[in-house]
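Trainee: Sharing a model prediction with you, sequence too.
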Amino acid sequence: MQRNISEFILLGLSYDQNIEIFCFVLFLFCYVTLLLGNLLILVSIGCTPLFHQPMYYFLSHLSSVDICYTSSVTPKLIGDLLGGTKAISYDNCMLQVFAMHFFGSTEVFILTAMAFDRYVAICKPLHYMIIMNRTRCNLLIFVAWAGGAVHSLPQLSMTIRLPFCGPNEIDHYFCDIFPLLKVACTDTYLTAVLVVANSGMVALVTFVVLFVSYVIILFTLRNHSAEGRRKALSTCGSHVTVVVLFFVPSIFAYLRPPTTFPEDKVFALFYTIIAPMFNPLIYTLRNTEMKNAMRKVWCQTKEAHFSKEAH
């Protein structure tokens, strides 16, 4: 492997300073909202019996992954928007490639586990607690994290093998494989095809599986009561919203001929910042059990605080 450069320059989202200031404020708000929202979910689930319910057990892992996933990109982006040279070292660039694909694919598999949980709850309600026991839930979470590693390690391996000996400017706001392929000083067609086969097919196949599962769920709901349909549709609606926000931009980014487009950065914002930010809002504002759990946890915390002050 030939490498004559020690860092890359990220060209970022825009050259206009006013746009960069606007983006700084927007993404700082998004990142703080994401952190607070997901931490609120983690504490609310961890401190209540909801943790023992499969759906909320998966949701707690999804929140953890969202924090790690977005934190691998957003703090660097926010810092770069403040001004100065948007440089990233070679090692940090490779770490970012790995982290993005590891946490991103882990999120994909956790969303799949959550869809399976909803399928069992709605289509096989009498056997739900037997099928979705804690052992099987732990196994699904293990498979999700292992699947993330199996997906991301080949991506990292292909990227590390690329020779970089010339221009080091990456037309993106984070290190991703397609922009890196553009500045590699070798023929990257085969590598690009392998990336599409890996990332693109993972996104497409998972999306199809999720789509089919929700179609089956909707078909099954015809036999439920009006109240049962309303509750199930509310829960599934939250899941479908998250899936669409995350998968549609991901499929556009990776399941296509290996090249880069100016729109890539806009679509990347959806699956790196926007969708993870909406996850806690979608899963809490539309979920009565989560809202009750949060009230219980935080009201108890306030009561304990006031009781301590009174003594």
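Mentor: On my side now, so go ahead.
Trainee: as a whole number, average confidence for stretch 208-218?
Mentor: When pLDDT is averaged along stretch 208-218, the result is 83.
Trainee: ok, now stretch 101-112?
Mentor: 90.
Trainee: And the contacts of that stretch?
Mentor: Stretch 101-112 is touched from outside by 58, 61-62, 65-66, 68-69, 72, 141, 143-145, 147-149, 151-152, 155-156, 199, 202-203, 206, 209-210, 239, 242-243, 246-247, 250, 271, with contacts defined as Cβ atoms under 8 Å, 6 or more residues apart in numbering. C-beta: built from backbone N, CA, C; applies to glycine.
Trainee: can you rerun that using 6 Å?
Mentor: 61-62, 65, 68-69, 144-145, 147-148, 151-152, 155, 206 (Cβ atoms under 6 Å, 6 or more residues apart in numbering).
Trainee: show me where the chain has strands.
Mentor: In the chain, the segments counted as strands under DSSP state E are 7-10, 87-89, 169-170.
Trainee: Sheet partners, orientation included, of the last one?
Mentor: The one in question is strand 169-170. Sheet partners assigned to strand 169-170 using DSSP bridges are listed as strand 7-10 (parallel).
Trainee: what about the helices in the stretch 51-200 of the chain?
Mentor: Counting by DSSP state H, counting those that start in this stretch, the stretch 51-200 of the chain has helices at residues 54-71, 74-81, 90-123, 128-131, 134-160, 177-183, 189-195.
Trainee: Extract the CA atoms of the first one and return them as CSV.
Mentor: Below are the C-alpha coordinates for helix 54-71, written out as CSV (Å, rounded to 0.1, in the frame of the first residue of the first chain):
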residue,chain,number,x,y,z
PRO,A,54,-38.7,-6.8,24.3
MET,A,55,-39.8,-3.7,22.4
TYR,A,56,-38.3,-1.4,24.9
TYR,A,57,-35.2,-3.6,25.4
PHE,A,58,-34.5,-3.2,21.7
LEU,A,59,-35.3,0.5,21.8
SER,A,60,-32.7,1.0,24.6
HIS,A,61,-30.1,-0.6,22.3
LEU,A,62,-31.3,1.5,19.4
SER,A,63,-30.8,4.7,21.4
SER,A,64,-27.3,3.6,22.4
VAL,A,65,-26.3,2.9,18.8
ASP,A,66,-27.8,6.2,17.7
ILE,A,67,-25.6,8.1,20.1
CYS,A,68,-22.5,6.3,19.0
TYR,A,69,-23.4,6.5,15.3
THR,A,70,-24.1,10.2,15.2
SER,A,71,-21.2,11.0,17.5
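Trainee: just checking, what packs against that helix?
Mentor: helix 17-46, helix 90-123, helix 134-160, helix 275-285 (3 or more Cβ pairs under 6 Å, 6 or more residues apart in numbering; DSSP states H and E).
Trainee: Any stretches of the stretch 101-250 of the chain with poor pLDDT?
Mentor: For the stretch 101-250 of the chain, residues meeting the criterion pLDDT under 70 lie at 224, 227-229, 231-235.
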